[in-house]
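*Asks:* I would like to see how this sequence folds:
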Amino acid sequence: MPTIPRPRILVVSSSARLQARIIDQLIERYELVGGRAAERLQNIALAVVDERDWLSSDTPKMPWPVVVVRTRGAGPLPTADASVRAEFEPEELTERIETHLALARLRQSAANKESALVDQAGRARERLTFLVSAAEKMANSVSLGETLGHLCGAAVPRLAQWCTITLRENGRLAPPVVAHESPAKVGLLEELGRLNFQEGDRRHPVHRALSSGRAEFVAKAPESFITRLGGSERHSELLRELGVGAFMCVPLRSRGKTLGAMMLGADAGWRPLCRTDLVLAEQLATRAGAAIERAQLHHKVEAELSERQRVETALLRQEADHTLILDTVRAMIWYKDAGNRVLRCNRAAAQSVGKPVSEIEGRRVEEFFPAARARAYHLNDLAVIASGQAKIGELEELKLRGGVKRWMQRDTLPYRNDLGAIVGVVVIAVDVTERKRAEDLAVAKERAEREFVANVSHEFRTPVAAIKGFAQTLRDGAWRDDAERTRFLNIIETNADRLDALVGDLLTMSKLEGSEPRASVATAVQRVALDCAAKLESRAKRKRLNVYVAVTRGLRVKMEPEHLAQALEHLLDNAIKFTPPGGWIRLGARASKRKVLIVVEDSGIGIPSTHLPRVFDRFFRVMKGAQPGSPGVGLHMVKKLVEAYGGSASVRSRLARGSAFRLTLPAAARRAPKK
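*Replies:* Next up, the predicted model:
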């Protein structure tokens, strides 16, 4: 059993006799220290002095209790703790000393406790300040990375030499966030974190903290711990290079859920880690858990908002693309529900009813179409919805204002929702008026071609039959009669001329089909016009027709003379054919803005207005069977001749009021007059 050290007593007196006497009384119970340099002695429990030279009114208070031995009749000194008479009894001195030693022990104990409490309060205040500051920084951060950065900054180097923070996200561990007191060793922690992340060793403290939710503390990590913690040779090598002398692993929790783990450590040369550090780390982790969860929620909300914004942007872009596609389609597209309400339409559909898209969508069809048409459309839609079968290629003839007719081709298809139920129809309507007209023209053209073949056959058959018949008659003996022979030969020649003219027209027309405009010589219009009138003068006189030629002298056009003559002859020939006896025909020409306008007018029977658009069509004949020898290519050939030289042909006519055919040709430079 250890011995309790005896209190040390300093005995100082100016009287050797008195000092010896006191020493004799106290030496058995106390450790006595002599000497006058009492202020330099340590661990003194009590001093026994006399009043001379030691204590006076201005003597500082001693750091230990003092018992003053004073002379008889002297008053107590203010700096003394106790005093006895010079004439004292040994028991009184011993009692006084014991009393003052007990008081001294009590004072020392109280002072020690007070100092410990002050130190403890200071440390608690410092820890609280640390926790409040760290929590405030993390609370002011909404970014998860910034929050973890503040947590690492608070832990290193206040709690440990290095720190790693590993979070669990969606059931998997995220790469850890690391911090080290020495920037040169941050790379070691990062590589170590990657190895832990890849290997996923369930024996690792982080995994244990995540599974148990309890903290773990190792004050001094043995070599076996490093070997066990390292999953591979490189893993163990990194741990040794990092210097894992002590570590603690604290779970990061919030509202009863473990979010991750914070591992703190230091090498053997750093200050020792203790349980107080673990408690402080747990308190820091508690505050960090709430901040991390808040940052994760903020990150999740931001991610959801970003994703929603991305989806909305994609939908808007897709909607814009769909609108662009729908609006660029010339067809009219309608989306309608079973109640005949327009869900959506494109620009072409809106323009067809004369309203913007925004004023059509969401409204009923009856507001844009006549009641009868809207009802018919609705019944058609209901039939498609009921059967689920599309109706394709329905033709509808519409009569618009002014008597204009339009043809619409309509496709009605069932419209299904996401569940596959038919909830409406998609109507695609296309204006096929031009196509219908083209088809009608193609049919008419085909009919005209058939008629042309019949006409040509007829026209060829008549002169051929005449030539053949009269040739046979001559062969049978009519050639002996001079008069008959001459008449028959004239008839054969006339029919041969008819055949030649017919073949010539057909060949000319064939050459002009698809020909390009070409450069030509300059042709005097007046000379060609007079020649053509003279050539047909005899025919006009037989019908008592007056033919007038009024062409300005000097007019020249860019056209071959024979082609201009061919065109004018056809126009004059037509005028003679369709002008009743006693009528008139006028051929005129004048200059007009670098063009020459040639007009052939007559007082003939005229052309019906319905036939005017087709007068220049190939094989078309207004008066079928009215005149022989014309298969319907003359006017078409005139038009082709003029267009081949960059000109144009047109006609104006009224029934029983005559016709006027107009040819517009490029003008050529006038010839300079001879001097």
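
*Asks:* what about the residue nearest to V521 when sequence neighbours are not counted, neighbour count?
*Replies:* Once flanking residues are discounted, V521 sits nearest to E560: 6.6 Å by CB to CB, 6 or more residues apart in numbering. C-beta here means a position set from N, CA and C on the backbone, and glycine is covered the same way. E560: 16 surrounding residues under other CB atoms under 10 Å.

*Asks:* Next, find the distance separating E560 from L474.
*Replies:* E560 sits 40 Å away from L474, going by CB to CB, to the nearest Å.

*Asks:* for R287, same thing?
*Replies:* 134 Å.

*Asks:* ok, and the closest non-adjacent residue to H180?
*Replies:* Counting by CB to CB, 6+ apart, H180 lies nearest to W162, which is 4.3 Å off, once chain neighbours are set aside.

*Asks:* tally of neighbours for that neighbour?
*Replies:* Other residues close to W162 by other CB under 10 Å number 28.

*Asks:* Now do the contacts for it.
*Replies:* V156, V178, A179, H180, E181, K185, L189, L242, L264, G265, A266 (CB atoms under 8 Å, 6 or more residues apart in numbering).

*Asks:* Run through the bridge partners of it.
*Replies:* For W162, the beta-bridge partners under DSSP bridges are H180, G265.

*Asks:* can you check V549 too?
*Replies:* On the basis of DSSP bridges, V549 is bridged to L587.

*Asks:* Wait, it touches I598, no?
*Replies:* No - with contact defined as CB atoms under 8 Å, V549 does not count as touching I598 (11.1 Å).

*Asks:* overlap in contacts of these two?
*Replies:* Counting by CB under 8 Å, 6+ apart, the common neighbours of V549 and I598 are A529, L587, G588.

*Asks:* Provide a list of residues in contact with the second one.
*Replies:* With contacts taken as CB under 8 Å, 6+ apart, L587 has the following neighbours: 529, 532-533, 547-551, 568, 572, 598-600.

*Asks:* Which PyMOL command selects the buried ones in those?
*Replies:* Of these, the buried ones can be selected in PyMOL as follows, counting by 16 or more other CB atoms under 10 Å:
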select buried, resi 529+532+533+547+549+551+568+572+598+599+600
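
*Asks:* closest to P356 among the contacts of L587?
*Replies:* Among the contacts of L587, V599 lies closest to P356 (CB to CB), at 49.0 Å.

*Asks:* what's the spacing between that closest one and L663?
*Replies:* Taken as CB to CB, the span from V599 to L663 is 8 Å.

*Asks:* Then M248?
*Replies:* Using CB to CB, one gets 109 Å for the distance from M248 to L663.

*Asks:* and what of E493?
*Replies:* 32 Å.

*Asks:* Show me which of those two is the more surrounded one.
*Replies:* The neighbour comparison of E493 against L663 (other CB under 10 Å) goes to L663, with 24 against 11.

*Asks:* Now do E282, the pLDDT please.
*Replies:* The pLDDT attached to E282 in the predicted structure is 91.

*Asks:* Remind me what the host helix or strand of V557 packs against, helices and strands.
*Replies:* According to DSSP states H and E, V557 maps onto strand 556-558. Counting contacts by 3 or more CB pairs under 8 Å, 6 or more residues apart in numbering; DSSP states H and E, strand 556-558 packs against strand 522-524, strand 658-666.

*Asks:* Try it again at 6 Å.
*Replies:* strand 522-524 (3 or more CB pairs under 6 Å, 6 or more residues apart in numbering; DSSP states H and E).
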